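**Q** Dropping the sequence and predicted coords here.
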Amino acid sequence: MVIDRLENLEKYASLNPLFPKVVEFLKNTDLASHEAGKVFIQDKDLFANFTTAKGKKADEATLETHIEMIDIQIPINTCETMGYIPACKLPQVEYNAEKDITKYPGVASESYIKVQPGMFAIFFPEDGHAPCISDEAEIQKVIFKVKVAK
């Protein structure tokens, strides 16, 4: 997991060969005025999902992991708290290969981080994360899905 300010994202470009394309996209895009929906940057290997998520209480947020994709999550309009736990501490449950997600309902996060607008959080396959924790009813955000380098 990486948490930092957007202006520092380029420092992490070497972590995945597709990260430089995320940096370039962000340099050329006004996140706040972008319409909802998916933007395919490099086929299904790299895309941005602009969405409005419902804010949840910490005990309502479900932990999740991904195997094929890395998440770069960026809140746009309000602070978003995200739960975290190392995936190695999570129980074995069914993986949905079609959606590349494993959900862990009823499992609590170990720690919580606040991600302000202007910041990002990167979650790798080894990072269990519970997004969308907020007192606000809605969270405008963009989630970049980045194919794991093999």
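**A** Nice, thanks for sending it over.
**Q** Neighbours of the nearest residue to Gly55 once chain neighbours are set aside, how many?
**A** Nearest-residue entry for Gly55: Ser134, 3.5 Å, with adjacent residues in sequence omitted and distances by Cβ to Cβ, 6 or more residues apart in numbering. (Each C-beta comes from the backbone N, C-alpha and C, glycine too.) If you count neighbours by other Cβ atoms under 10 Å, Ser134 ends up with 22.
**Q** now Phe124
**A** Quick note: Phe124 (other Cβ under 10 Å) scores 18 neighbours.
**Q** Could you do Asn77 as well?
**A** By other Cβ under 10 Å, 14 other residues sit near Asn77.
**Q** Just the element for the residue most central in space within the chain, please.
**A** Against the mean C-alpha coordinate of the chain, by Cα atoms, centre = their mean, the closest residue is Gln73 at 3.2 Å. Using DSSP states H and E, Gln73 sits in strand 69-75.
**Q** so what strands line up beside the helix or strand following that strand?
**A** The helix or strand immediately downstream of strand 69-75 is strand 80-86, counting by DSSP H and E. Partner strands and pairing direction for strand 80-86 (DSSP bridges) are strand 111-115 (antiparallel), strand 127-133 (antiparallel).
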